[in-house]
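Peer 1: fold the stuff below for me.
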Amino acid sequence: MPDGARRVLLAEDDRFLRRAAEARLRRHGLEVLTAADGEEALRVARTEPLDLVLLDVVMPKLEGFEVLKALKQDDATARIPVIVLSNLGQERDVTQAMALGAIAFLVKAHLSLQDLVDRVDAALATGRT
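Peer 2: Now for the predicted structure:
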C-alpha cells in the first residue's frame, strides 16, 4: 500500500461481493479494511483511522442502519463519510439512510465495480458522491 493511501472500510457480509469490491478498490490504490458483520464494522471504525465507510444494510449481528446510527452518534467516528450499499432500494430505506447521516445510498444490483470505484473517488474528493 502506498504511504498516505486513503483508507476505506468495506462492511459487506456477502463474501464474493466483499472480495471482488476489495480487490477492485485496492487496484485503484486504496487501502481497504473489511468487516463481515455489523459488530465487526463498528469495532474497526472505532479503532482504525478511516476516510470512508461502505456499509451494507442487511448484515449479521448488527444491521447497517444500527451501525450507521452508532457511527454518527460517536464523536470519534461522526465525521467519517458513509455510503450505504443495499439491495433494498425502497424509498423508505434511502430516506432512513440519509436521515441517519449517510452521504449516499447505492443499490448493489444497479452498481458495477467501476461505478463503485467512481463513487468512492467522488466521495473522497469532495465528501459527496
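
Peer 1: now do the contacts for Ala36.
Peer 2: When contacts are counted by CB atoms under 8 Å, 6 or more residues apart in numbering, Ala36 touches 11-13, 15, 18, 59-60. The way it works is simple: take the backbone N, C-alpha and C, and place the C-beta from them, glycine included.

Peer 1: at 7 Å instead, please
Peer 2: 13, 18 (CB atoms under 7 Å, 6 or more residues apart in numbering).

Peer 1: pLDDT at it, what is it?
Peer 2: You'll see Ala36 listed with a pLDDT of 97.

Peer 1: now do it against Ala5, distance only.
Peer 2: 22 Å (CB to CB, to the nearest Å).

Peer 1: repeat for Phe16
Peer 2: Applying CB to CB to Phe16 and Ala5 gives a distance of 24 Å.

Peer 1: now swap in Glu12 and tell me
Peer 2: 20 Å.

Peer 1: for Gly38, same thing?
Peer 2: 25 Å.

Peer 1: so which of the two has more stuff around it?
Peer 2: Just comparing Gly38 and Ala5: by other CB atoms under 10 Å the higher neighbour count belongs to Gly38, 25 against 14.

Peer 1: report the contact partners of the more buried one.
Peer 2: 59, 61-64, 66-67.

Peer 1: change it to 10 Å
Peer 2: By CB atoms under 10 Å, 6 or more residues apart in numbering, the residues touching Gly38 are 11, 13, 55-68, 70.

Peer 1: spatially central residue in the chain, please.
Peer 2: Centroid check for the chain by CA atoms, centre = their mean gives Leu54 as the closest residue, at 0.8 Å.

Peer 1: for the helix or strand harbouring that residue, the distance to its chain's centre please.
Peer 2: Under the criterion of DSSP states H and E, Leu54 resides in strand 52-56. Remark: strand 52-56 is offset 1 Å from the chain centroid, using CA atoms, centre = their mean, to the nearest Å.

Peer 1: all numbers from here: first residue = 21
Peer 2: From this message on, residue numbering opens at 21, which makes the last subject strand 72-76.

Peer 1: who does it pair up with?
Peer 2: strand 27-31 (parallel), strand 102-106 (parallel) (DSSP bridges).
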